[in-house]
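Undergrad: quick one: sequence and predicted model below, then my questions.
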Amino acid sequence: MEKVKITVKKITRYDDLIKEYENPIEHACDLKVGDTFISVDGLKPDGFCDSAWGVIESFVKELALGGGNFYDGWMKNEKSAMLSCNDGFRPVTFLIETVK
């Protein structure tokens with residue numbers, strides 16, 4: 001199986017939506033732009049967000065198995081994908097790509 005690198009590329013925050021709809025919470029996410037994780041054998045890396053893993057897991061597993069070319073040429077590098085977690089208030093965008 002291929003190793004898959006997961007890199008935090010962008011973190012967005014929608015303060016207007018947070019103010020209007022979200023109950024106050026003290027802690028939402030520890031990730032920072034530039035953080036990287038390595039998935040071995042298609043498994044969730046230690047310390048990686050459970051919620052974000054639910055979104056990217058199938059793509060990571062496909063890449064780990066040697067697949068790619070999602071959506072017939074979507075990405076310039078067919079062994080990669082750009083995905084975001086499902087937090088509508090502060091989505092985190094990840095680049096996932098195979099590494100040797």
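TA: It's in.
Undergrad: so residue 42 makes contact with residue 67?
TA: No - contact criterion CB atoms under 8 Å: residue 42 and residue 67 do not qualify, at 10.8 Å. Quick note: C-beta positions are derived from backbone N, CA and C, even for glycine.
Undergrad: how about the residue sitting furthest away from the middle of the chain, phi and psi?
TA: Ranking residues of the chain by C-alpha distance from their mean position (CA atoms, centre = their mean) puts residue 20 at the top, at 26.1 Å. Dihedral angles phi and psi of residue 20 (degrees, to the nearest 10) take the values phi -80, psi -30.
Undergrad: just the C-alpha atoms of stretch 3-22, please, in CSV.
TA: This file holds the C-alpha atoms of stretch 3-22, laid out as CSV (Å, rounded to 0.1, in the frame of the first residue of the first chain):
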residue,chain,number,x,y,z
LYS,A,3,1.5,6.1,2.2
VAL,A,4,-0.7,9.1,2.0
LYS,A,5,0.3,12.5,3.2
ILE,A,6,-2.4,14.8,4.5
THR,A,7,-1.6,18.5,4.7
VAL,A,8,-3.7,21.3,6.1
LYS,A,9,-3.8,23.9,3.3
LYS,A,10,-6.4,26.4,4.6
ILE,A,11,-8.6,27.1,7.6
THR,A,12,-11.6,29.3,7.1
ARG,A,13,-13.8,30.9,9.8
TYR,A,14,-17.2,32.3,9.3
ASP,A,15,-17.7,34.5,12.3
ASP,A,16,-21.1,35.8,11.1
LEU,A,17,-22.5,32.3,11.0
ILE,A,18,-20.9,31.4,14.3
LYS,A,19,-22.5,34.4,16.0
GLU,A,20,-25.9,33.7,14.5
TYR,A,21,-26.1,29.9,14.8
GLU,A,22,-23.5,28.3,17.0
